[in-house]
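Engineer: Just to be clear, the model below is a prediction. Sequence and coordinates:
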Amino acid sequence: MDHQINRREFLKLTAGSAAGAMAAMALPAVAAPSRQVTFNEAPMLAEQVAAGSLPPVNERVPLNPRVITPYDGTGQYGGSLRRGFKGISDRWGNIKLVEEMAIEWESPDADTINLAPNYISGWTQNEDATEYAFTLREGLKWSDGAPYTTADVQFWYDEMFLGELASPQQQLTPGGTLMELEVLDELSWTVRFAQPVPLLTIIIAKNTMGMTGGPTMAAPAHYLREFMPQYTSDQSRIDAAIEANGLDSWIELFGGAGNLRGPIAFFFLNPELPMVGAWRSANHPIEDPYVMERNPFYHQVDTEGNQLPYIDSIDNALFADNTVFDLWIAQGLIDFQMRHVGAAGYTFYKENEEAGNYRVLRWRNASTNAYHPNINHSDPQLRALFDDARFREAMSISINREEINDLVHDGLAEPRQASPVSGSPNYDPEFEARWTQYDPERASALLDEIGLATDGEGFRLRPDNGERIRFAIMHRAQTGSPGADEAGLVENYWRAIGLEVSQDVVERSLYEERVRSGEVDVGVWGVDRSSIVIADPGRMLGTVDDGPWAPLYGHWFLGEASKRKKEEPPADHPIREIWRLWDLARVEPDEGRRNALFQQLLDVHKAHPYQIGTVGEGTTVVIVSSDMYNVPDGFINDDTLRSPGYAQLAQFSFGRQT
Amino acid sequence: MLRFIVRRAIIAVFTMAAISVVAFIIIELPPGDYLTAYAATLAEQGDILSEERLEQMRVSYGLGEPMPTRYIKWISNVALRGDFGRSLEWRIPVNQIIWHRVGYTVLINISTILFVWTVAIPIGVYSATRQYSAGDYIATFFGFLGLAIPNFMLALVLMWIGFSVFDQHVGGLFSPEYRDAPWDLNKFIDLLHHLWIPMIVVGTAGTAGLIRTMRANMLDEITQPYVETARAKGLAEWRLIWKYPVRVALNPFISTIGYALPELVGGVVIVATVLNLPTIGPILLRSLLSQDMFLAGAIILIVSVLTIIGTLISDIMLALIDPRIRLE
């Protein structure tokens, strides 16, 4: 049931009522009489079925499983996918491999991104996007074989949304009113909101809105209840778990309110936790290798009726230093890796492709390197200059982006403005090119126009006190890294137009402290989340303060939710327009109007970019063993898409059927 | 002797207490705490932690309390129950993280010391007895070279040679196929295949230093009257050298036993990280970067204790071996 839509049409589909209609229409197609179909399974599971330790595959897979079309063709079962990880703190690499949401991104090719129902058979929403109905696939199972029903949804709602373990997510409490849940029967339920939440489907696809690693708005009640004193049949088990983990209370087993990543509730730390992902923990990540093995009850099948995943297990080898890891790749010890491989090593990876029996794929990084002049600067003169579009334009067009790309990034990135990435529904070539033409003469003319005088050495002078315009680029890049080389070039470009610029290289925590209090001249941070921008527009609203173009305004906009230093922007400031448009778009149920509103928001930035981008859409290197199939090339690397998760990892395979 | 040991043990306790306070304060010095570091890491991965959630976590981790309170809580658990607390980053008890790495740390430590001694002592003796000979110059040349090359660079070069010339699995102590396997002869051989790189890398600088020390001490000793006397009495030259002046010249080898361990954990953090060794060093580095103060504090404390014990042992051994040292 893959709906092929190009990215323009996607806009219409993502979050509006059309999406609900689409899913609803799709329902009968999925619910085809699969009872007669016999599914196939992996040999290792067939053995267990023969031995009687596992029920037959037709009892493990839902009646109407999600059907995945493999990218290259039907894969062969078996094999262990070898990758590297940096230990227990490096959890996201594995989460993104196994994460399951009710609604997921799906890309039949590199330029199309759809939403598809995953372990649910479909969803509908009402006209004004205040009510959503979901239906589970019949016969869906947790990885321990227990049925997954609406009781698990109710449990999550009672305990993890309302109860002691709760810290209700902001997106599910629009206007401060909690989402309401109504369970209709064993398979279906509805949720209601006090205000329209038209972006709910996108929110789910990005954030799970439930346990870390999924599923969405549900938790394995039959298992987790055993660790809650009010339900447990065996208090000593709770006590033992608390003792073994050196904790003080049962709540901490779950990770504490709002943070369900404790030793019981987080699949990464608890091999016993039932989940719905394609692979589950087989041991603890403190061990080397940390292994994940196939979930015998996984709900997806391929077009031939083979239960997924194809690959038996994932082996995470522990490493501490990237040099060693690069050598492992060259030696062919790694089958699939996106994390921890940098574009800086591109030549080395290519050189060793043959020796290491792998291919280097190039995915597009949805981030653009950017310099953020702080329009909330405590120095009124610098604030005035940074908030002057002409000054920012001079800063932007005095940067030679081609040179940066060639000298620092081996030509692997693209000179561009900080704007939505190509392949995104919000992609706009005009925005991408805005203020990127290298033109130092025009830059000087702009500075003249502002009325900045020059001293004997060609430095521009402040109108207020006649001193040179001095400011610092604050960044965290270590000497010799691409980030530091780039900052060095930018420093020189700006000095060339008479700005006395220096670099302020700081450690990460100090950077954080400074941007939070607004004490930064120009901060350097990548503008990411630029694929499905509407899913997470914090960079455009100024609320994500690590890209500090308006940190204090951003905090102010967050209101109660932020305890950081705030400042109210003047009534006529363009950021007001950005926020006004967001507040409208956020609750607009009509997808056409919503997208138009959001486009207007982006156009405010396009008119006079606040985040000065240099190069972006850099190469995200993906290492793939030559023995592997169904791994697509040219996809986008962006957190919003849960990359590499949206490439349907369950259909990755070693070898394929011919 | 007993009095000496008791006295030193009492001093050691106070030293440890002082170290624990200093360690705790130093770990706390950088701006922010574990949670700001954690939020920053998440942000880098494109994940935003709301301030509200950060506050909740701060409370549940006990990070909101004043520093002296946290210190007293921590140290009393350590001293009374051997409980080093929970690692903030790893979310499991510190004890589970470090002890299984201590074994490999000690293994590499001991093999390195053996390597250093087997290389440094004969060369030092040779250099001293054949002073200004070609062999002495060659040994001196390579000694200084070893001292001058940064360890991590030597590690990278050796790994590259292992990779490009021998096509050997590099980094870590085991090949992937043996990492999980039970101990047998093959696994042991695999370990030896990997062990030589850290042994040489970690040992080189120490070897170079000790060659020079050994040479200097020997040069002092071999002109002493007791050597002349022994020679006059007709003792075979090699026997004379090894039995008398060498024994005296060994003093610095023994007195540095105590420093060998902190050197391996702290001094070669970069090397251990580069070489992907399953030792405590890389863990210490990570925990300091992420401001995981319970883990970092535990490691610093344990290493300090081992250093103090090591120093005590070397003092006792010196008293036994070197006839010139007498306890008051």
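Structural biologist: That came in fine, so what should we check first? As the structure is a prediction and not an experimental result, all values here were calculated from the model.
Engineer: can you count the residues close to B:Leu285?
Structural biologist: Counted by other CB atoms under 10 Å in any protein chain shown, the residues lying close to B:Leu285 total 17. Heads up, the C-betas are built off the backbone N, CA and C, glycines and all.
Engineer: got the contact list for the nearest residue to it once chain neighbours are set aside?
Structural biologist: Nearest-residue entry for B:Leu285: B:Val269, 4.9 Å, with adjacent residues in sequence omitted and distances by CB to CB, 6 or more residues apart in numbering or on different chains. Contact partners of B:Val269, counting by CB atoms under 8 Å, 6 or more residues apart in numbering or on different chains, are B:281-282, B:284-285.
Engineer: which one among those gets closest to B:Arg179?
Structural biologist: In terms of CB to CB, no member of the contacts of B:Val269 lies closer to B:Arg179 than B:Pro282, at 16.2 Å.
Engineer: A helix includes that closest one, no?
Structural biologist: Yes - assessed with DSSP: H, G, I helix; E, B strand; the rest coil, B:Pro282 lies in a helix.
Engineer: Can you name the residues of the stretch 201-328 of chain B that neighbour chain A?
Structural biologist: By CB under 8 Å from any CB of the partner chain, the residues of the stretch 201-328 of chain B that approach chain A are B:272-276, B:278, B:282, B:286, B:290-291.
Engineer: Need the three-state assignment for residue 298.
Structural biologist: Just going to use chain A. Of the three states, A:Tyr298 takes coil under three-state DSSP.
Engineer: dump the residue contacts of it.
Structural biologist: Contacts of A:Tyr298 (CB under 8 Å, 6+ apart): A:61, A:143, A:276-278, A:307-309, A:650.
Engineer: Just the local confidence number for it, please.
Structural biologist: Looking at A:Tyr298, its pLDDT is 97.
Engineer: quick one on the thing from earlier: considering the contacts of A:Tyr298, which is situated nearest to B:Val165?
Structural biologist: Using CB to CB, A:Pro309 is the member of these that lies nearest B:Val165, at 38.6 Å.
Engineer: Next, that closest one: secondary structure please.
Structural biologist: Of the three states, A:Pro309 takes coil under three-state DSSP.
Engineer: Look at it and say how many residues are nearby.
Structural biologist: Neighbour count of A:Pro309, defined by other CB under 10 Å: 28.
Engineer: repeat for the one 4 residues further on
Structural biologist: The local packing of A:Ser313 (other CB under 10 Å) involves 18 other residues.
Engineer: same check, this time on A:Gln230
Structural biologist: 9.
Engineer: where does the stretch 251-400 of chain A dip in pLDDT?
Structural biologist: A:256-259 (pLDDT under 70).
Engineer: So which residues on it come close to chain B?
Structural biologist: Near chain B, when you scan the stretch 251-400 of chain A using CB under 8 Å from any CB, you find A:252, A:256-259, A:261-263, A:269, A:286, A:288-289, A:315, A:317-321, A:323-325, A:327-328, A:330-331, A:333.
Engineer: Now, of the contacts of B:Val269, which are buried?
Structural biologist: Neighbour counting by 16 or more other CB atoms under 10 Å in any protein chain shown classes B:281-282, B:284-285 among the contacts of B:Val269 as buried.
Engineer: how's the chain carved up into domains?
Structural biologist: Just going to use chain A. As assigned by automatic domain parsing, chain A contains the domains A:7-30+A:100-276, A:369-616.
Engineer: Let me rephrase: I mean chain B.
Structural biologist: Split by automatic domain parsing, chain B gives B:1-89+B:294-328, B:99-289.
Engineer: now those in a markdown table, with distance to A:Val98?
Structural biologist: Converted to a markdown table, these look like this (distance: least, CB to CB, whole Å):
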| stretch | distance to A:Val98 |
| --- | --- |
| domain B:1-89+B:294-328 | 16 |
| domain B:99-289 | 21 |
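Engineer: which one of those has the lowest average pLDDT?
Structural biologist: domain B:1-89+B:294-328 (a mean of 76).
Engineer: Let me see the ranges of the helices in the stretch 1-150 of chain B.
Structural biologist: Counting by DSSP state H, counting those that start in this stretch, residue ranges of the helices within the stretch 1-150 of chain B are B:2-28, B:34-44, B:51-60, B:67-81, B:94-129, B:134-148.
Engineer: by contact count, what packs against the first one?
Structural biologist: This means helix B:2-28. helix B:67-81, helix B:293-321 (3 or more CB pairs under 8 Å, 6 or more residues apart in numbering or on different chains; DSSP states H and E).
Engineer: Who are the packing partners of whatever helix or strand A:Leu489 lives in?
Structural biologist: Taking DSSP states H and E as the criterion, A:Leu489 maps to helix A:482-496. Under the contact criterion of 3+ CB pairs under 8 Å, 6+ apart, helix A:482-496 touches strand A:368-373, helix A:401-409, strand A:470-475, strand A:500-505, strand A:612-616.
Engineer: Show me what the last one pairs with in its sheet, parallel or antiparallel.
Structural biologist: Spelled out, that is strand A:612-616. As defined by DSSP bridges, the strand partners of strand A:612-616 come to strand A:368-373 (antiparallel), strand A:414-415 (antiparallel).
Engineer: and these, which is most packed in?
Structural biologist: A comparison of the strands paired with strand A:612-616 by mean neighbour count, using mean count of other CB atoms under 10 Å in any protein chain shown, puts strand A:368-373 on top with a mean of 27.
Engineer: Would you mind listing the outside residues contacting it?
Structural biologist: A:386, A:391-392, A:395, A:416-419, A:421, A:473, A:483, A:486, A:490, A:521-527, A:530, A:547-549, A:610-617.
Engineer: switch to 6 Å and redo it
Structural biologist: Outside strand A:368-373, the residues that touch it by CB atoms under 6 Å, 6 or more residues apart in numbering or on different chains are A:386, A:416, A:418, A:522-524, A:526-527, A:547-549, A:611-616.
Engineer: Next, the angle strand A:470-475 makes with it.
Structural biologist: 150 degrees (axes from the mean of the first three to the mean of the last three CA atoms, to 10 degrees).
Engineer: For chain B, what is the nearest residue in the stretch 251-400 of chain A?
Structural biologist: Taking CB to the nearest CB, chain B has its nearest neighbour within the stretch 251-400 of chain A at A:Val324, 3.3 Å off.
Engineer: what about the closest residue to that residue other than its chain neighbours, is that helix, strand or coil?
Structural biologist: Excluding its sequence neighbours, the residue lying closest to A:Val324 (CB to CB, 6+ apart) is B:Gly171, at 3.3 Å. Classification of B:Gly171 using three-state DSSP returns coil.
Engineer: If anything else comes up later, I'll come back, but that's it for now.
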